[in-house]
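Student: Turn this into a structure:
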Amino acid sequence: MELKVDMPTLAGQDIDPATFQRVWGRVMPSQPSPREGADTSIPDTAVPAEPTVPPEETPPAEEQPPAIPELPPVPDCPAQPPAPDNPEQPPVPDNPEQPPVPDCPVCPECPACPECPACPDTPGPAPAPESPAFCLGEASQGDGQRLEELMALACAGAAAGRAMARRASGSCAKALSALARDHRSAFKRLSAAYFLITGRRYTPQCAPQKLPASLPLALRQQFLWEQQWEQKNSQGAQSTADPCLKELYLELAQEGTFHAGTIRSLLEQMG
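Tutor: Coordinates of the predicted model:
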């Protein structure tokens, strides 16, 4: 069936015939284009042609969006427990009646906690460094008077030993001479210590001892004197803070004990 179009009518409607021809060729490619002056009236039985839908353009394979993976189905939520006001909820059993709590006795006063002993593995505070103890220095000025007293005794002991040695003979004279030498050596050691402490020399007034005329009686008197000598030096060793003086006093005290033993042995030989 040929579709007739009234071209003059289209021209009267301000439609460009050239534009119409292009649209006609695209929409009705199998129908001849209407000509001007031809009978282009549309009969009553004409059916309008449906425009051809152009095929959809599919994008190239590389431009297609990635396929979305199918998600696993969501599991059904578990049934919620019945609400407290649900009549199907089993009733809560009543708590049994608690027995009455007896009155607590009065707690006695707890004793004080003992102090923990010091742990041997725990290091304590570091001890303060001790000042060095200088021997025979100015700190020993308090021993000056005792040194003077001992020097006077040592001088007297040496004089007594020489006097008894002149009266004796043999082994007894040798033993008494050795006693006199020990007391002279003690005097020199005490004099050196005194000079180091004070810076002065001390010369005691050495009065000669009055010895009995009998040698055994003189030995008896010297025996008592040697015990006093040992006691004076022992007291000095206990009272001094100078380690050098303490050592000197102890050595002189031992000599006094040795001298007393020597005199006792001499008297035993004379009997």
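
Student: residue boundaries of the helices in the stretch 51-200 of the chain?
Tutor: Counting by DSSP state H, counting those that start in this stretch, the stretch 51-200 of the chain forms helices over residues 144-167, 171-198, given from the N-terminal end onward.

Student: for these, which one sits closest to Gln269?
Tutor: Comparing those against Gln269 with CB to CB, the closest turns out to be helix 171-198 (7.4 Å). Yep, even glycine has a C-beta here, placed from its N, CA and C like the rest.

Student: and the closest one, what does it pack onto?
Tutor: When contacts are defined as 3 or more CB pairs under 8 Å, 6 or more residues apart in numbering; DSSP states H and E, helix 171-198 sits against helix 144-167, helix 243-270.

Student: the bottom helix or strand of this protein by mean pLDDT?
Tutor: For the chain, counting by mean pLDDT, DSSP states H and E, helix 7-12 ranks last in confidence among helices and strands (a mean of 56).

Student: circling back to that earlier point, most neighbours per residue, which of the helices and strands packed on helix 171-198?
Tutor: Ranked by average neighbour count under the criterion mean count of other CB atoms under 10 Å, these are headed by helix 144-167 at a mean of 19.

Student: And the contacts of that helix?
Tutor: Applying CB atoms under 8 Å, 6 or more residues apart in numbering, the external contacts of helix 144-167 come out as 173, 176-177, 179-181, 183-184, 186-187, 190-191, 193-194, 197-198, 202, 204-209, 211, 215, 218-219, 222, 225-226, 228-229, 232-233, 236, 239-240, 252.

Student: Quick check: which element contains Gln227?
Tutor: Taking DSSP states H and E as the criterion, Gln227 maps to helix 215-239.

Student: Let me know the angle separating that helix from helix 243-270.
Tutor: Relative orientation of helix 215-239 with respect to helix 243-270: 160 degrees, computed using axes from the mean of the first three to the mean of the last three CA atoms, to 10 degrees.

Student: packing partners for helix 215-239?
Tutor: Judged by 3+ CB pairs under 8 Å, 6+ apart, the packing partners of helix 215-239 are helix 144-167, helix 243-270.

Student: can you give me the angle the last one makes with helix 171-198?
Tutor: So the one you mean is helix 243-270. Angular relation of helix 243-270 and helix 171-198 on a 0 to 180 degree scale: 170 degrees, by the same axes, to 10 degrees.

Student: now for helix 243-270, which elements pack on it?
Tutor: Partner elements for helix 243-270 (3+ CB pairs under 8 Å, 6+ apart): helix 171-198, helix 215-239.

Student: Now for Ser140, how many residues are close by?
Tutor: Neighbours of Ser140 under the rule other CB atoms under 10 Å: 23.

Student: what's the spacing between the closest residue to it other than its chain neighbours and Leu252?
Tutor: In space, not counting the residues next to it along the chain, Ser140 is nearest to Asp242; the distance is 4.2 Å by CB to CB, 6 or more residues apart in numbering. In this structure, Asp242 and Leu252 are 14 Å apart, going by CB to CB, to the nearest Å.
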